[in-house]
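Trainee: when you get a sec, could you give me coordinates for this:
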Amino acid sequence: MVRFFLGFIFAVFMAAPAVQAQEDVVWVQIEAQPSLNEAQIATRRYAATLADVNGFSLGRGWYAIALGPYRRDEAERVLQVYRAEGVIARDSYIAESRDYQQQFWPIGANLLAQPTVPAVPIPDSPPVVSLDSAPEPVPTPAPADETPSEARASESRLTRDERADVQVAMAWAGVYDGAIDAAFGQGTRAAMARWQTQNGFDTTGILTTRQRAELLRQYNAVFDGLGLEILRDNATGIAMELPTAVVTFERYEPPFAHFNAVGEIEARVLLISQEGDRGTLAGLYDIMQTLEIVPETGLRSLEGDSFTLIGEGTQKISQTRVWLRDGEIKGFTLIWPAGDEARRTRLVGRMQDSFTWLPGTLDPTEGAGAQDIDLISGLEIRKPKQSRSGFYVDAGGAVLTTAEAVESCGRITIDESYEADVVLSDAALGVAILRPRMALAPLRIATFQESTPRLLSDVAVAGYSYGGLLGAPTLTFGQLSELQGLNGEPHLKRLALAALDGDAGGPVLDVGGAVLGMLLAHAQDGRSLPDDVSFSATNGALQEVLTRGGITPRTTSALDRISPEALTDRAGDMTVLVSCWD
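Mentor: Reported below is the predicted structural model:
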């Protein structure tokens, strides 16, 4: 009977008056499914008995099965006959091409690229329809949209998630401010009525199937131009929706697959894939927080078999979701420009909802690039603006360092782990006191030498000469040249010692491990010094600064001599890395 009616419909078309050569394309949507796999199964089932079956993505993880393409009058007759025969659901409706995204059925087809459909040509002689076999004349088509009772019936077939989606979309449209509880009560009905009024529909408080589709289309318009498509990456064992108009695959550098920006939007995506256990997961969690792509402000959460990282910077925001399952660690990172939160948060939700595990993980030898101390798997490590040295001066972890080290910093850290604040800065002397935000327990606190050292006596400076690259302070040995500065400054000592920039702020020690002063920046009064000339602030000046900062310095008058090894250990216990971050 179905094929008979189709033959009749096309016979009527052949006999119809001539129309313009081309008209707008429409479709008869007959079903929607919440996953691509279910949609493919349904599409094949319909294609076995019906002509013109197509499958399209609707967005937000939904997929439509539609008949077409048709002219509108053709579509109305197909809808009328198929509804009457019970071949398609009563809530089937006429849709437009703009309602659809990527076509997935038939494979390789792209009918959305054809904005119009040609009219059926009129033959020289109209076909003859046998009266013996012809059905009763088709009545005038009913309006394509549903009546309120039909709308309620179609509404009753919605899943809980679908009902919640309607509320979410209405909240986004600004007509609903209630709970997302999937219950269509009085508040939801009032919101539906407001939306209908705003969009030129009859105000019934009950959304028809077509109206719900339009509401969701408006809600998903934020994704226009992103080219959302399901990408299946067998190398990483991940399938998920990606904004293919914004990012494209560039390379593998385990455990990451890099997708970099291709348009005006400065976005990036990482697919994360490796074998491992909870220890591996925790290590990845720690390492990723050191990367430049993960700004330091934002949510950090490690919970058993998953973690979340959100980095919120002034220029970009990144969000990472990673899971551990059956010895495999997989996830993704989205880096998106700051200031586009509505689209970013919606996009992250789409990506997470579509995330699918495929067999296997990324081969650790796949596409391995050149090694670089500043890179991890092709990603730049976050680095401070500058790093200098400092040393502990009280039992709570207060640190003495140079004023230059902590000037114009957005954030200051001690040993890269503990945030600190400047409690006193003496620009004239070039000295600053830092107080850690959490109390620390130093292994050793500086003891200041009260006895006046002899000229040409041996001294050593402990400092992070290379900005922390070596992971521990080094000792640089030299001699005390003068007890004053070049211009006779009494608060300075001149040293015959070849220090580096990173050593500034480190303690100057005598051979017994007592502190003689603090090394200052290599340039003095805007002038660079010879490589083997350095200056330190004297103990008297340092102790005066500490007293102003509420710290009582420890002192000694004993003149001891310890082994170089013991001196190295003693200096290492009190010396810290001071880092200045944007």
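Trainee: can you find the helix or strand in this protein with the smallest mean pLDDT?
Mentor: In the chain, the helix or strand scored least confidently by mean pLDDT, DSSP states H and E is helix 2-15, which has a mean of 38.
Trainee: now do the contacts for residue 432.
Mentor: 400-403, 405-406, 422, 424-426 (CB atoms under 8 Å, 6 or more residues apart in numbering). (Glycine included, C-beta is placed from N, CA and C.)
Trainee: a strand runs through residue 65, doesn't it?
Mentor: Yes: counting by DSSP: H, G, I helix; E, B strand; the rest coil, one finds residue 65 located in a strand.
Trainee: for residue 242, grab phi and psi.
Mentor: phi -130, psi 150 (degrees, to the nearest 10).
Trainee: ok, and the closest non-adjacent residue to it?
Mentor: residue 231 (4.7 Å; CB to CB, 6 or more residues apart in numbering).
Trainee: run a quick neighbour tally on that neighbour.
Mentor: Using other CB atoms under 10 Å, residue 231 is surrounded by 18 other residues.
Trainee: next one: the one 5 residues further on
Mentor: One way to gauge burial is a neighbour count; for residue 236, by other CB under 10 Å, it gives 26.
Trainee: which residues does it contact?
Mentor: By CB under 8 Å, 6+ apart, the residues touching residue 236 are 257, 271-273, 330, 361-362.
Trainee: make a ChimeraX selection of the buried ones in these.
Mentor: To isolate the buried members of the contacts of residue 236 in ChimeraX, using 16 or more other CB atoms under 10 Å:
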select :257,271,272,273,330,361,362
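Trainee: need the contacts of residue 236 in a markdown table (columns: distance to residue 294 and pLDDT).
Mentor: Shown next, in a markdown table, are the contacts of residue 236 (distance: CB to CB, whole Å; pLDDT from 0 to 100):
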| residue | distance to residue 294 | pLDDT |
| --- | --- | --- |
| 257 | 17 | 93 |
| 271 | 16 | 96 |
| 272 | 13 | 95 |
| 273 | 18 | 95 |
| 330 | 18 | 96 |
| 361 | 22 | 93 |
| 362 | 20 | 92 |
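Trainee: how about stretch 70-78: buried residues?
Mentor: 70-71, 74-78.
Trainee: switch those over to TSV; also include pLDDT.
Mentor: TSV is the format used below for the buried residues of stretch 70-78 (pLDDT from 0 to 100):
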residue	pLDDT
70	90
71	89
74	87
75	88
76	88
77	87
78	88
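Trainee: just checking, which of those belong to strands?
Mentor: Per DSSP state E, strands hold the following members of the buried residues of stretch 70-78: residue 70.
Trainee: tell me which of the buried residues of stretch 70-78 fall in helices.
Mentor: Mapping the buried residues of stretch 70-78 onto helices (DSSP state H) picks out 74-78.
Trainee: so which of these is the closest to residue 263?
Mentor: Of all those, residue 263 sits closest to residue 75, with 35.2 Å by CB to CB.
Trainee: give the contact list for residue 518.
Mentor: By CB under 8 Å, 6+ apart, the neighbours of residue 518 are 391, 400-402, 431, 505-508, 536-537, 542.
Trainee: spatially nearest residue to residue 159 (excluding sequence neighbours)?
Mentor: Per CB to CB, 6+ apart, closest to residue 159 is residue 34, 7.8 Å.
Trainee: quick one, helices of this protein?
Mentor: 2-15, 36-47, 72-85, 148-156, 160-173, 186-198, 209-219, 278-288, 341-354, 539-548, 564-574.
Trainee: any chance of these in JSON lines, plus distance to residue 418?
Mentor: Below are those laid out as JSON lines (distance: least, CB to CB, whole Å):
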{"stretch": "helix 2-15", "distance to residue 418": "75"}
{"stretch": "helix 36-47", "distance to residue 418": "49"}
{"stretch": "helix 72-85", "distance to residue 418": "68"}
{"stretch": "helix 148-156", "distance to residue 418": "57"}
{"stretch": "helix 160-173", "distance to residue 418": "42"}
{"stretch": "helix 186-198", "distance to residue 418": "50"}
{"stretch": "helix 209-219", "distance to residue 418": "45"}
{"stretch": "helix 278-288", "distance to residue 418": "16"}
{"stretch": "helix 341-354", "distance to residue 418": "31"}
{"stretch": "helix 539-548", "distance to residue 418": "20"}
{"stretch": "helix 564-574", "distance to residue 418": "15"}
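Trainee: among the ones you listed, which comes closest to residue 26?
Mentor: helix 72-85 (4.7 Å).
Trainee: still on that earlier bit, out of the helices of the chain, flag the one nearest residue 440.
Mentor: helix 564-574 (11.9 Å).
Trainee: and that closest one, what's buried?
Mentor: Those would be 567-568, 570-571, 573-574, for helix 564-574 by 16+ other CB under 10 Å.
Trainee: list the contacts of the residue nearest to residue 159.
Mentor: 61-63, 159, 161.
Trainee: any idea how far residue 181 is from it?
Mentor: Separation of residue 34 from residue 181 (CB to CB, to the nearest Å) stands at 20 Å.
Trainee: cool, residue 448 as well?
Mentor: For residue 448, the distance to residue 181 - CB to CB - is 68 Å.
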